[in-house]
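> need a 3D model of the sequence below.
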Amino acid sequence: MKLGVFLQAQWDLTDAETDIENGLAALVRQAELADELGYDSAWVPQHYVSAPYASIQPGPLLGLLAAHTRRLRLGTGVYLLPFTRPVVVAEEMASLDWITGGRLIFGAGMGYRREEFEAIGVPMTERVGRFVEALSLIRQLWAQNHVNYHGQYYTAANVTISLKPKQASGPPVWIGG
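From the prediction side, this is the model:
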């Protein structure tokens, strides 16, 4: 059996005792301990416009955790695909896969918070279609060169991303909420 740990990277800014720097240091210590104890993975969330809560985005946070762990797999729990162009996500996650030494797990989701969709300008009714198309295109971009894709929401004409992931054909993909 493999066990993972979810690291809560969100802080209540209405709490006078909130200290994000100390909170980040605590997350690093938790990841180091999980690594030392033989846990398989650590996961961090992604949220936008969550005031009064502040969230650290998963890319920078996983980069920080990668620098402090050696074996622990690091995952996005989950990356909200409808909000970002697939080519951007493919390149960002490929970079993160190298930074983690090939320990990245790409947890992908379609989102559920209406506030996020409204703030980013993506109709919530498009979340399933955008998710399916984005994930398909990202996987193609990780595995192939000169990708051509023509979907309802995204297109790619002869696109080759500049950096392929360290893991052959890309990091494992886990689907979440």
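
> what about the helices in this protein?
20-36, 58-68, 86-99, 114-120, 127-143 (DSSP state H).

> so which of those gets nearest residue 162?
When the helices of the chain are compared by C-beta to C-beta, helix 86-99 sits nearest residue 162, at 6.6 Å. Quick note: C-beta positions are derived from backbone N, CA and C, even for glycine.

> now do that closest one against helix 58-68, angle only.
10 degrees (axes from the mean of the first three to the mean of the last three C-alpha atoms, to 10 degrees).

> and the closest residue in space to residue 43 that isn't next to it in sequence, how many neighbours does it have?
In space, residue 43 comes closest to residue 77 once its chain neighbours are excluded; the distance is 3.3 Å by C-beta to C-beta, 6 or more residues apart in numbering. The local packing of residue 77 (other C-beta atoms under 10 Å) involves 23 other residues.

> still on that earlier bit, can you list the helices of the chain in JSON lines and add mean pLDDT and distance to residue 107?
Output for the helices of the chain, formatted as JSON lines (pLDDT from 0 to 100; distance: least, C-beta to C-beta, whole Å):
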{"stretch": "helix 20-36", "mean pLDDT": "98", "distance to residue 107": "16"}
{"stretch": "helix 58-68", "mean pLDDT": "98", "distance to residue 107": "9"}
{"stretch": "helix 86-99", "mean pLDDT": "99", "distance to residue 107": "11"}
{"stretch": "helix 114-120", "mean pLDDT": "98", "distance to residue 107": "17"}
{"stretch": "helix 127-143", "mean pLDDT": "98", "distance to residue 107": "11"}
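
> closest one to residue 173 among the ones you listed?
helix 127-143 (7.0 Å).
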